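[1] okay, here's the prediction I keep looking at, along with the sequence it came from:
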Amino acid sequence: MDVSVNTQEQIVKSFSAWMPMVLVALILYGALFAGLTIWGLMQFFGMEQAVAQTVGLPSGVLLLGGLFYIYVKWLTRSLASYQLSLSDKQLIVKGISGRRTIEHELPVGNVKKIHIGTHMHTMQKPTYGQGGAKSKAASRLTFVLSNGDYFKLDFAMNAFDNESLYDFLAAMKRKGVDINLHG
């Protein structure tokens, strides 16, 4: 059983809770990039302030826009390459965990628990207005192995089709794995 992966368009739509945080960040980083570009033009190219502002503002905005586009493309391609497969005795998990890529192929009997949206550290607990952070924590799958080790698959609810993921979790529950789903 392979869990269906969302299309890149569906992945982008799944991040709608992040929009307020993204817009604020773009405004703040936009001002920073434009300011640094203007400063660089004045310091390194000897431009007058008025000319540097005329050139620097659009340049800073274009630079930030380009970097944001590259990041979104990287994220959607990364999430579109996730894999969650279950055969009779093997579980294959591929995706992103924190800042690294994970690839695990392990016997189903070694998996003790799979939980959705759990194991948030105190520093990760969001405060008011951080819907994106809540969304990330809620979309995380945590796999706990029988030897006590664990690994996380970030953005799983964004990467996978929810019905297909639910079917996978139900199949794992039938195999005796503790799942934090009801129904």
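    Done, it's in.
[2] in this protein, which helix or strand is least confident?
    Lowest on mean pLDDT, DSSP states H and E among the helices and strands of the chain sits helix 131-138, with a mean of 60.
[3] show me what secondary structure element comes after that helix.
    Using DSSP states H and E, the next helix or strand after helix 131-138 towards the C-terminus is strand 141-145.
[4] what are the pairing partners of that following strand, and which direction each?
    strand 111-116 (antiparallel), strand 150-153 (antiparallel) (DSSP bridges).
[5] could you dump these into JSON lines and include mean pLDDT and distance to residue 159?
    From N, CA and C alone the C-beta is placed, and that goes for glycine too. Shown next, in JSON lines, are the strands paired with strand 141-145 (pLDDT from 0 to 100; distance: least, CB to CB, whole Å):
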{"stretch": "strand 111-116", "mean pLDDT": "94", "distance to residue 159": "13"}
{"stretch": "strand 150-153", "mean pLDDT": "94", "distance to residue 159": "8"}
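[6] where's residue 67, which helix or strand?
    Residue 67 belongs to helix 49-80, assigned by DSSP H and E.
[7] list the buried residues in that helix.
    By 16 or more other CB atoms under 10 Å, the buried positions in helix 49-80 come out as 52-53, 56-57, 59-61, 63-64, 75-76, 78-79.
[8] do the same with stretch 145-152
    In terms of neighbour count (16+ other CB under 10 Å), stretch 145-152 has its buried residues at 151-152.
[9] next, name the residue at the spatial heart of this protein.
    residue 155 (4.5 Å; CA atoms, centre = their mean).
[10] give the closest residue to the residue located most distally from the centre of the chain in space, chain neighbours not counted.
    The C-alpha centroid of the chain is most remote from residue 48, which lies 42.1 Å away (CA atoms, centre = their mean). In space, and not counting its chain neighbours, residue 48 is closest to residue 42: 7.7 Å by CB to CB, 6 or more residues apart in numbering.
[11] and what of residue 94?
    Sequence neighbours aside, residue 83 is the residue nearest to residue 94 in space, at 4.0 Å (criterion: CB to CB, 6+ apart).
[12] just give me the neighbour total for the nearest residue to residue 106 once chain neighbours are set aside.
    Take residue 106 and drop its neighbours on the chain: the residue closest to it by CB to CB, 6+ apart is residue 91, 5.6 Å away. Residues lying near residue 91 (other CB atoms under 10 Å) number 22.
[13] done for today, thanks.
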